[in-house]
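Chemist: from the sequence below, what's the structure:
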Amino acid sequence: MPSNKNASYRYRVLNDCFRRMRDWSIEELQEVVSEHLYNDFGIHTGVSRRTIEADIALMRSLPPRGFDAPIEVKRGTGRYYYTDRSFSIDKTPISGHDLQAIREATALLRQFKGLPHFRELAALLLKIEGELELHHASSVNIQFDYNNLLQGTEWLSLLFQAMQYQQALQISYQPFHAQKPTSFIYHPYLLKEYQSRWFVFGYNEQVGEISNFALDRIKNIAPSKATYVPNTFFDPASYFTHMIGVSRDSNSTPVKITLQATKSMQGYLDTKPIHHSQIKKRSNKTHTFYELYLIPNQELIATILRYGGELKVIEPAFLKEDIIKKIL
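Modeler: Numbers count the residues shown, from 1 in each chain. Below you'll find the predicted structure:
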């Protein structure tokens, strides 16, 4: 369908006109369309006769260019009307290709369940799904990994709005190992999802530096009267370049890491690298060696341990020791 916003709007105004129990001259259609453009968009120039005639011609044309609208002209009068008053361009059948695209898009949008404004989006998705009958099991051919029991998503909207309006917050937070929550003034800058958990990054007045917190451990958030501190501490675009996950010390720096993988693991690591810096360095009959350049953290250790004896750290020595401590 046409992408021009004004054109799409004009087609719908003309559609409303033709659905009424009357016929129209080009001049009358010009007047109605011009009035709507002025009232809704403040456009003073109106539309020309040539534009209206071109719009009618396009509405008559077949999809995907037009709508196959049943517009006819009365002989001798030159007045236009719908031969089928029940027709509407909004009822134009969707092609198979468009239908599949809509199905995939709605399936994708469903994954943003906890994000701000989803309540309004959910209502729209229900309407779309009702029209397309997506609720039938036979129409579902794509699934996403989404945890309906995920905690902490109720804070997404509040944190998102605080970032938009630069609002400092009073946050009550309780880590897994703590017996009771602590409270501090926080200036949020970034929301990030990692392995189905949401984290917020911002300036923590309690420690005087950037801190990140898991949303599922937040107990309460309230507006603070403290003056919001704009982000001059870190660049979100580059902050995660040399790391896996979300945790890092403020003085952390990336290091060269050498990993030894069994031959059975090589294909997996080649198709799904641990990190974008991963390079295959050499191979022998039993093992393949990879080199990475990143910041060692708990997420990296967890990733390496997940492969068990199939993957080992060769260097640096301190990371190898950390892995051994976790095993023992």
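Chemist: which stretches of the protein form helices?
Modeler: Under the criterion DSSP state H, the chain carries helices at the ranges 5-18, 26-41, 49-60, 96-109, 118-132, 156-164, 236-239, 263-271, 298-306, 317-327.
Chemist: just put these in TSV and tack on mean neighbour count, distance to Pro188 and mean pLDDT.
Modeler: No exception for glycine: its C-beta is placed from N, CA and C like everyone else's. As requested, those are exported to TSV (neighbours: other Cβ atoms under 10 Å; distance: least, Cβ to Cβ, whole Å; pLDDT from 0 to 100):
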stretch	mean neighbour count	distance to Pro188	mean pLDDT
helix 5-18	17	35	87
helix 26-41	15	37	90
helix 49-60	16	48	94
helix 96-109	13	24	62
helix 118-132	13	19	58
helix 156-164	17	5	87
helix 236-239	11	12	86
helix 263-271	13	36	90
helix 298-306	16	21	93
helix 317-327	13	31	90
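Chemist: what segments of the stretch 201-328 of the chain are strands?
Modeler: Taking DSSP state E, counting those that start in this stretch to define them, one finds strands in the stretch 201-328 of the chain at 209-214, 218-223, 255-262, 279-283, 287-294, 311-315.
Chemist: tell me the gap between the last one and the middle of its chain.
Modeler: Distance, stretch centre to chain centre, for strand 311-315: 36 Å (Cα atoms, centre = their mean, to the nearest Å).
Chemist: what about Tyr239, distance to Glu209?
Modeler: Separation of Tyr239 from Glu209 (Cβ to Cβ, to the nearest Å): 13 Å.
Chemist: Arg79: how many residues sit nearby?
Modeler: The number of residues packed near Arg79 is 16, by other Cβ atoms under 10 Å.
Chemist: so it touches Trp24, yeah?
Modeler: Yes: in this structure, Arg79 is within contact of Trp24 by Cβ atoms under 8 Å, at 6.0 Å.
Chemist: so what's Lys320 up against?
Modeler: Counting by Cβ atoms under 8 Å, 6 or more residues apart in numbering, Lys320 touches 313-314.
Chemist: mind redoing it with 10 Å?
Modeler: Contacts of Lys320 were listed using Cβ atoms under 10 Å, 6 or more residues apart in numbering, and they are 257-258, 304, 312-314.
Chemist: again, but for Val246
Modeler: The neighbours of Val246, taking Cβ under 10 Å, 6+ apart as the test, are 192-195, 197-201, 212-214, 239-240, 297-299.
Chemist: drop anything exposed from those.
Modeler: 197-201, 212-214, 239-240, 297, 299 (16 or more other Cβ atoms under 10 Å).
Chemist: dump the helices of the chain to TSV, plus distance to Lys285.
Modeler: Converted to TSV, the helices of the chain look like this (distance: least, Cβ to Cβ, whole Å):
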stretch	distance to Lys285
helix 5-18	64
helix 26-41	72
helix 49-60	68
helix 96-109	45
helix 118-132	54
helix 156-164	51
helix 236-239	40
helix 263-271	8
helix 298-306	23
helix 317-327	23
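Chemist: His177 is nearest to which of these?
Modeler: Closest to His177 of the helices of the chain is helix 298-306 (Cβ to Cβ; 13.5 Å).
Chemist: contact partners of that closest one?
Modeler: 194-195, 243-248, 257, 259, 274-275, 292, 294, 296-297, 310-313, 319-320, 322-323, 325-327.
Chemist: which one in the protein is furthest away from the centre?
Modeler: Computed with Cα atoms, centre = their mean, the maximum C-alpha offset from the centroid of the chain is found at Gly76, amounting to 55.5 Å.
Chemist: quick check: that residue vs Gly42, distance?
Modeler: 38 Å.
Chemist: just Ser277 next, same as before
Modeler: Applying Cβ to Cβ, the value for Ser277 to Gly42 is 53 Å.
Chemist: those two - which one has more neighbours?
Modeler: More crowded of Ser277 and Gly42, by other Cβ under 10 Å: Ser277, with 16 against 7.
Chemist: does the more buried one touch Leu292 like I think?
Modeler: Yes: contact criterion Cβ atoms under 10 Å: Ser277 and Leu292 qualify, at 5.1 Å.
Chemist: overlap of the contact sets of those two?
Modeler: Listed as contacting both Ser277 and Leu292 by Cβ under 10 Å, 6+ apart are 242, 254, 256-257.
Chemist: which of the residues you listed count as buried?
Modeler: Buried by 16+ other Cβ under 10 Å: 242, 257, out of the shared contacts of Ser277 and Leu292.
Chemist: looking at the shared contacts of Ser277 and Leu292, which is nearest Pro230?
Modeler: His242 (24.6 Å).
Chemist: just confirm the closest one contacts Lys256, I think it does.
Modeler: No: contact criterion Cβ under 10 Å: His242 and Lys256 do not qualify, at 11.2 Å.
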